[in-house]
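In: sequence and predicted structure, then a few things I'm wondering about:
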Amino acid sequence: MLTLSRVTARASSTTHGQQQRLFASVSKAPIFASNPHVLEDLEVVRNGDKQGIEALPPFVVSRERGFLPRQDPMVNLPPQFKNLDSLLDRMTIHQPAKSSDPNAERAPGLLALGQFGDAVESELKVDGPEMKAVKDLLADPQGRNHLIAALFRDYCFAVSSYLLEPTDQAYRKTGKYVPGRKVLPAQLAVPITQLAENLGHFPFMEYASSYALQNWKVKDPNFKGPAGRLSFDNLELIRAFEDAQGSERGFILVHVEMVAFTNILISATEDALAAIHADDVKGFENAFERLLGGYQKINRSMDTMWGRSKNGDYMKFRTFIYGTAPKKGNPMFPEGVVYEGVSEEPQWYRGESGANDNIIPLNDNLLEIVKNFPKNPLTEQLREFRKYRPASQRDYVNTLEFRAQDAGVRDFAMRKIDRLTALYILLVEQNREFRNRHWNFTKEYIIKHTKFPLATGGSPIIKYLPHNLDVVLRTLEESYADFTPMDTAELVTRHGFAGEILAKQVEEAGVRAQAQRRVLDREVKELSEARDGGDNGMAQQYDTTAVDKVFQDVKKPPQRGWVGNDGVG
Ligand code: HEM
C-alpha cells in the first residue's frame, strides 16, 4: 500500500531534480538558454539525441512550443487498456453524432444514464490487465513518457466521472449539487496515484496534464490558420464529459489555441531579460513588441469563446471539473475522498481551472505586477494555484518572478527611453483586457446560472477574480500616471504618426482603467451585499434581487431543474 505522504508529497523538489537530471542528460550540445528551465530548440534535441528527447518529461518550456506539451498528445492507448478506453468513449453524455444533421438525435452515454460508476466496477478489475500494465510501465518508464501522459489524462477523466457522477445527476434533475462519491475504488485509485507520482502531480484532474493541454488532436497537419496547424478549427478533442462536438469542445480548445501562441511569449520573455542584462535598449524594445503582439493574438483568440462555447451550456459539463478541495466548506466532498488501496486517510485536491494556466502568471511576474498583490488569503490562493501544473511550468513561472525583479524589468521599461514605457503600459493593458474579459465570462457563464459560490479551482467566485483584476487596474493607473505629456511629445517627435497612435493607445488604456475600477467596485459591492451572511463566500447563496441589479437581463431566479437541464438523463 502506498503511504499518504508519498501521495501528497508533490514532486516539487523530486520531479524538478529528476527533470534537471534529464535535462543534463541531453544537454551535451549547447542548447539551453541562460535559464535552465527553457529548452531552446526542441528540434536540435530531436536531431542530436533522439533518446534524450524521449527521456524528457511530457512538458518542457520551450521557445518552439511555449507551454504546450513537447509532443502532440497521444490519442490511442495500447490494447491492454481497451476496457478503460471503451468506458471513456461510452461515458460522454452526448455520444458522437451518427449523421451530419446537427438536429439528429444523439444517443445518451453512461454519464447521462447514471451508469458510469457501475460500469467501472464491473469492467475494470483490481487484477485486470490495466493495473498490471501501469505497474510494468512505471517499473521501466524509460522513453515512454508520452504513454504515461496519455494514461494520466485518461485516468483523470475516469476518476472525475466516477466521483462526480452523482453530483451531476442531481444537478441535472434539480439544479442543486449533492455530495459526490467518497471512496475511489482501487482499480482507479492505485493507477492514477502511481502515474501522478511519476509525473509529479496530485492524483487528480489538472488543466495542463489532463483536461485541456493534453486533450487535443490535429486534423490536418498542413492546416493554415491564426495559430497554424494548432488553430481552433483544425483541432478535435480526445476526451469529453458532456459533448466532444459542442460547447465543451469550444471551451477546451479555445484554451489550447491560446496556449499555442505562448511560444511567442517564452521567446520574447527570454530575449527581454537577456537584453536588460546586456543593457540593450533596442533589443528590449524589440522583445517587448513581440510580447505585445503575442498577447494581442491570445486576447483575440480568447474573445472567440463567446461564439465557440455557448454561455448557457457551461453548467452542463462544469460539474465534472470540480475538485474535492477546499477541505473546509466544499459541500460536494465534506469528508474528502478515500483512495482505496492507497491510503485510508481522506484526500482533498483542487479542481481543474484556467487558474493553472501560465499566460497571466507570466505577465504578472515579468512586469512585476505580482509585487502589487496585497498579502491576503486571495493572493495566497493565487500562489497555491501555481502548484497545480507540470514541474517545468511551475519552476519557470516561479523563477521568472525573481529573474524579473533581479533584472529590474519595470524600472528598465520606465526609464522613458523612446517607446519602452508605452510598451510596458500596453502590456499591462493586455493583462487587464484578459482579466476583464475573464470576469465577464464568469458573470455570463457562471454567476448568471448558479448561486453556488465556489469555482472549480476552489476559489470564492465573486471575490477571487475581481480582486486580481483590481490589482491590475491599479497597476495600470499608476503606470499611466507616470506617463507624462513629455512622453507623448517625445513619441510624436521621434515617431510621427506611429508615435501618435501609440500615445493615444496608452491614454485610452489609462482612462479606461480608472472608469473600469469604479464599475468593478460597484459590481463586487452589490454582489457581496446580496449574500445571506458572511463566511468568506464559501457556503452562501446570493439574494437574486441584488444579482438582478448587476444582470439587468436576468428575469427569473434559477428554477428547479432549469440549470444544466438539457433534457438528457
Ligand atoms: C467560459 C470561459 C471561462 C470561465 C467561465 C472561466 C472561469 C474561471 C474561474 C471561475 C476562475 C477562478 C479560479 C477557480 O477556478 O477557482 C478562473 C481562473 C482563471 N482562468 Fe478561467 N474561465 C474561462 C476561460 C478561460 C480561458 C479561455 C483562459 C485562458 C487560458 C482562462 C484562464 C484563467 C486564468 C489565468 C485564471 C486565473 C485568473 C487570475 O489569476 O486572475 N480562463 N477561470
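Out: Cool, got the structure. Model, not experiment: these values are computed from the prediction.
In: which positions in this protein make contact with the ligand?
Out: 251, 254-255, 258, 302, 305, 309, 314, 353-355, 357, 359-360, 382, 435, 438, 441-442, 445-446, 455-459, 461, 464-465, 468 (Cβ under 6 Å from any ligand atom). C-betas here are computed from N, CA, C, even on glycine.
In: one more pass at 5 Å, please.
Out: 255, 353-355, 357, 360, 441-442, 445, 455-457, 459, 468 (Cβ under 5 Å from any ligand atom).
In: show me where the stretch 1-150 of the chain has strands.
Out: Here the stretch 1-150 of the chain has its strands, by DSSP state E, counting those that start in this stretch, at 38-39, 61-62.
In: no, scratch that, I was asking about the stretch 151-300 of the chain
Out: 183-184, 216-218, 235-237.
In: how far does the last one sit from the chain's center?
Out: By that I understand strand 235-237. Taking the mean of its C-alpha atoms, strand 235-237 sits 17 Å from the chain's own mean (Cα atoms, centre = their mean, to the nearest Å).
In: then stretch 186-206?
Out: Distance, centroid of stretch 186-206 to centroid of chain: 19 Å (Cα atoms, centre = their mean).
In: so for that stretch, mean pLDDT?
Out: For stretch 186-206, mean pLDDT rounds to 97.
In: and that stretch, what's buried?
Out: Residues 186-206 are the ones in stretch 186-206 that count as buried (16 or more other Cβ atoms under 10 Å).
In: and that stretch, C-alpha only, in PDB?
Out: Extracted C-alpha coordinates of stretch 186-206, given in PDB (Å, rounded to 0.1, in the frame of the first residue of the first chain):
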ATOM      1  CA  ALA A 186      -8.600   0.700  -6.100                       C
ATOM      2  CA  GLN A 187      -8.900   0.000  -9.900                       C
ATOM      3  CA  LEU A 188      -8.900   3.800 -10.400                       C
ATOM      4  CA  ALA A 189      -7.100   5.000  -7.200                       C
ATOM      5  CA  VAL A 190      -3.900   2.900  -7.500                       C
ATOM      6  CA  PRO A 191      -3.100   3.600 -11.200                       C
ATOM      7  CA  ILE A 192      -3.900   7.300 -11.000                       C
ATOM      8  CA  THR A 193      -1.700   7.700  -7.900                       C
ATOM      9  CA  GLN A 194       1.200   5.800  -9.500                       C
ATOM     10  CA  LEU A 195       1.000   7.800 -12.700                       C
ATOM     11  CA  ALA A 196       0.700  11.100 -10.700                       C
ATOM     12  CA  GLU A 197       3.800  10.200  -8.700                       C
ATOM     13  CA  ASN A 198       5.800   9.600 -11.900                       C
ATOM     14  CA  LEU A 199       4.600  12.900 -13.300                       C
ATOM     15  CA  GLY A 200       4.900  15.000 -10.100                       C
ATOM     16  CA  HIS A 201       1.200  15.700 -10.000                       C
ATOM     17  CA  PHE A 202      -1.600  15.300  -7.500                       C
ATOM     18  CA  PRO A 203      -3.700  12.200  -8.300                       C
ATOM     19  CA  PHE A 204      -6.500  14.400  -9.700                       C
ATOM     20  CA  MET A 205      -7.500  16.100 -12.900                       C
ATOM     21  CA  GLU A 206      -5.400  19.100 -13.900                       C
END
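In: circling back: mind putting the residues of the chain next to the ligand in JSON lines, secondary structure, neighbour count and distance to residue 269 included?
Out: Below are the residues of the chain next to the ligand laid out as JSON lines (DSSP: H, G, I helix; E, B strand; the rest coil; neighbours: other Cβ atoms under 10 Å; distance: Cβ to Cβ, whole Å):
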{"residue": "255", "secondary structure": "helix", "neighbour count": "23", "distance to residue 269": "20"}
{"residue": "353", "secondary structure": "coil", "neighbour count": "20", "distance to residue 269": "23"}
{"residue": "354", "secondary structure": "helix", "neighbour count": "19", "distance to residue 269": "20"}
{"residue": "355", "secondary structure": "helix", "neighbour count": "25", "distance to residue 269": "20"}
{"residue": "357", "secondary structure": "coil", "neighbour count": "21", "distance to residue 269": "15"}
{"residue": "360", "secondary structure": "helix", "neighbour count": "21", "distance to residue 269": "13"}
{"residue": "441", "secondary structure": "helix", "neighbour count": "19", "distance to residue 269": "26"}
{"residue": "442", "secondary structure": "helix", "neighbour count": "17", "distance to residue 269": "27"}
{"residue": "445", "secondary structure": "helix", "neighbour count": "22", "distance to residue 269": "30"}
{"residue": "455", "secondary structure": "coil", "neighbour count": "24", "distance to residue 269": "28"}
{"residue": "456", "secondary structure": "coil", "neighbour count": "22", "distance to residue 269": "28"}
{"residue": "457", "secondary structure": "coil", "neighbour count": "24", "distance to residue 269": "25"}
{"residue": "459", "secondary structure": "coil", "neighbour count": "25", "distance to residue 269": "26"}
{"residue": "468", "secondary structure": "helix", "neighbour count": "24", "distance to residue 269": "20"}
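In: pLDDT weak spots in the stretch 1-150 of the chain?
Out: Within the stretch 1-150 of the chain, the ranges that satisfy pLDDT under 70 run 1-36, 44-45, 48-52.
In: cutoff 90 now
Out: 1-56, 97-105, 141-143 (pLDDT under 90).
In: over to the residue in the stretch 1-150 of the chain that the ligand sits nearest to: give its phi and psi.
Out: Going by Cβ to the nearest ligand atom, the ligand is nearest to residue 67 of the stretch 1-150 of the chain, at 9.8 Å. Dihedral pair for residue 67: phi -100, psi 10, per degrees, to the nearest 10.
In: what pLDDT does the most centrally placed residue in the chain get?
Out: The residue lying closest to the centre of the chain (Cα atoms, centre = their mean) is residue 354, at 2.8 Å. Residue 354 carries a pLDDT value of 96.
In: in the stretch 251-400 of the chain, where is pLDDT below threshold?
Out: 326-330, 386-387.
In: quick check: residue 362 touching residue 398?
Out: No - the criterion here is Cβ atoms under 8 Å, and residue 362 misses it with residue 398 at 11.3 Å.
In: higher neighbour count, those two?
Out: residue 362 (27 against 17; other Cβ atoms under 10 Å).
In: what's the local residue count around the residue lying closest to residue 70 once chain neighbours are set aside?
Out: Among residues not flanking residue 70 along the chain, residue 60 sits closest, at 5.2 Å (Cβ to Cβ, 6 or more residues apart in numbering). Neighbourhood size, residue 60 [other Cβ under 10 Å]: 25.
In: from residue 371, how far out is residue 517?
Out: Distance, residue 517 to residue 371, using Cβ to Cβ, to the nearest Å: 19 Å.
In: who's more crowded, those two?
Out: Applying other Cβ under 10 Å to residue 517 and residue 371 shows that residue 517 carries more neighbours, namely 17 against 14.
In: so where do the helices sit in the stretch 251-400 of the chain?
Out: Remark: helices assigned in the stretch 251-400 of the chain by DSSP state H, counting those that start in this stretch are 262-277, 281-303, 305-308, 314-318, 359-366, 377-385, 391-407.
In: with that, I have no additional questions.
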